[in-house]
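>>> Provide a 3D model corresponding to the input given below.
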Amino acid sequence: SLEDELLEVMERREASKADHDHAGAQVSQIEEQLADATRARDEALADIEVAEQRCHSDRAAIIAVLPDELVALYEKQREKAGIGAALLQGRRCGACRLELDRGEIARIAAAAPESLVRCPECDSILVRTKESGL
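Numbering: from 1, shown residues only. A predicted model of the protein is given here:
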């Protein structure tokens, strides 16, 4: 009877050892995946930082050629609403996404190309292009 119990304990011990070894292999595999994910995250963050620096330098170059009054108005609107300027596309403001009525579109179409036009709903500066439908 003791021999049977000893054999049973030995079998359970072997099964436990096999489970332990299997779990250890899974832990090793997961640690490798975690290291790969961490490496990929660090590379992505570095890419984002480079892109952010490039955007800041591009923005500084653009701001340097714009009139100070326009930049001040843009910054004020951006602080207030989060969006300072947006494209007018097909009678729709790109900032608030609302479609402008015919009267507003007529007023905007009649405005001089170099004049500043703002959305009547969200007050963002509207950038007019060929896509504006004017």
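>>> how many neighbours does Glu121 have?
Other residues lying near Glu121 total 14 when counted by other Cβ atoms under 10 Å. Using the backbone N, CA and C atoms, a C-beta is placed for each residue, glycine as well.
>>> mind listing what it touches?
Listed by Cβ atoms under 8 Å, 6 or more residues apart in numbering, the contact set of Glu121 reads Cys93, Cys96, Leu98, Leu100.
>>> pretty sure it is in a strand, no?
No. The assignment for Glu121, made by DSSP: H, G, I helix; E, B strand; the rest coil, is coil rather than a strand.
>>> from what I can see Ala109 touches Leu134, true?
Yes. The pair Ala109 and Leu134 passes the contact test of Cβ atoms under 8 Å, sitting 4.3 Å apart.
>>> what ranges do the strands span in this structure?
85-89, 92-93, 125-128 (DSSP state E).
>>> could you redo those strands as JSON lines and give each row mean pLDDT, mean neighbour count and distance to Gln33?
Below are these laid out as JSON lines (pLDDT from 0 to 100; neighbours: other Cβ atoms under 10 Å; distance: least, Cβ to Cβ, whole Å):
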{"stretch": "strand 85-89", "mean pLDDT": "92", "mean neighbour count": "19", "distance to Gln33": "42"}
{"stretch": "strand 92-93", "mean pLDDT": "90", "mean neighbour count": "20", "distance to Gln33": "45"}
{"stretch": "strand 125-128", "mean pLDDT": "92", "mean neighbour count": "18", "distance to Gln33": "45"}
